[in-house]
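Student: Fold the following, please.
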Amino acid sequence: MKLLLTVLTTIIFSISIAGEIPYDALAKNFSSQRAGEIIKLGKEKIAITVYGKTGVYSHQQGELVLNNFFKANPAQSFKFIFKGKKHGNSSYAIGTYVSDKSNFRITLQFKLGSEGNYLIERLTIEKE
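Tutor: So this is what the prediction gives:
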């Protein structure tokens, strides 16, 4: 009986976690300028737009793009100002990244991955 209860609890807990968007991890990683950790939360190829220049990047290339942005604009803070509702297999969120030089609008578009978790499909950085 204990085994059955343990199994059911584990299943219910894993279902409630599956499909969640990692907002807390993203906010922490943007604030700490951890490009690699941000990119790990993305699809195999991520569309990244910085200052109007768009490219589709592998994880390694995307990490370089974000590191260049962070180097030029050291973080003072990051916070989400909008967290979209999940619509089928996609969602999006908007955040504000504050550096000592300027404020930036970060838009993240998510797509539900094959393993049931939301992954970054597109990341856009615009100067406010």
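
Student: Now the element after whichever strand or helix holds T96, going C-ward?
Tutor: For T96, the enclosing helix or strand under DSSP states H and E is strand 90-99. Sequence order places strand 103-112 as the next helix or strand after strand 90-99, per DSSP H and E.

Student: on contacts alone, who are the packing partners of that next one?
Tutor: For strand 103-112, the elements it packs on are strand 90-99, strand 118-127, judged by 3 or more CB pairs under 8 Å, 6 or more residues apart in numbering; DSSP states H and E. The C-beta positions use only the backbone N, C-alpha and C, and glycine is treated the same way.

Student: okay, those strands in CSV with mean neighbour count, distance to K43 and mean pLDDT next?
Tutor: Compiled in CSV, the helices and strands packed on strand 103-112 are given as follows (neighbours: other CB atoms under 10 Å; distance: least, CB to CB, whole Å; pLDDT from 0 to 100):
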stretch, mean neighbour count, distance to K43, mean pLDDT
strand 90-99, 17, 12, 97
strand 118-127, 18, 5, 97
